[in-house]
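Q: my questions concern the predicted model and sequence given below.
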Amino acid sequence: MRYAIYFTPNPETLLWQKLCSWLGWNPLSGMTCTHPSFPEITPDRFHEITRKPRKYGPHATLKAPFHLRQNTSV
């Protein structure tokens with residue numbers, strides 16, 4: 001089994017709201033969010049380039065996935 005350590009902002013914070021807007025999706029509510037608009041990027045393109053990160057929701061990886069040493073438990 002693999003483990004990882006992630007940081008996820010508190011859902012009641014402005015940071016959470018901004019990250020959900022950036023991704024276009026709030027994973028807790030299951031609702032879509034309006035992306036910010038940029039004159040250089042069309043809304044369709046912005047939606048396309050955030051497709052893969054949207055799957056995982058707002059988070060930061062602190063320790064990439066790893067296996068525990070043999071005879072070690074969580």
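A: It's in.
Q: for the longest strand seen in the chain, which helices and strands make contact with it?
A: If you go by DSSP state E, the chain has its longest strand at strand 60-67. Packed against strand 60-67 by the contact rule (3 or more Cβ pairs under 8 Å, 6 or more residues apart in numbering; DSSP states H and E) you find strand 2-7. Placement of C-beta: from N, CA and C, glycine included.
Q: contacting residues for His67?
A: Counting by Cβ atoms under 8 Å, 6 or more residues apart in numbering, His67 touches 1-3.
Q: now, which of these sits nearest Ala60?
A: Tyr3 (16.1 Å; Cβ to Cβ).
Q: tell me the spacing between that closest one and Pro65.
A: Using Cβ to Cβ, to the nearest Å, one gets 7 Å for the distance from Tyr3 to Pro65.
Q: same deal with Pro58?
A: 18 Å.
Q: could you tell me the average pLDDT over the longest strand of the chain, please?
A: Averaging pLDDT along strand 60-67 gives 96.
Q: mind telling me what element Lys52 is part of?
A: Using DSSP states H and E, Lys52 falls within helix 51-56.
Q: that older thread, strands paired with the longest strand of the chain, and their directions?
A: Using DSSP bridges, strand 60-67 pairs in its sheet with strand 2-7 (antiparallel).
Q: helix or strand right after the strand it pairs with?
A: According to DSSP H and E, the helix or strand after strand 2-7 is helix 14-23.
Q: who does the following helix or strand past that following helix pair up with?
A: With elements assigned by DSSP H and E, the helix or strand that comes after helix 14-23 is strand 25-26. Applying DSSP bridges to the sheet, strand 25-26 is found paired with strand 31-32 (antiparallel).
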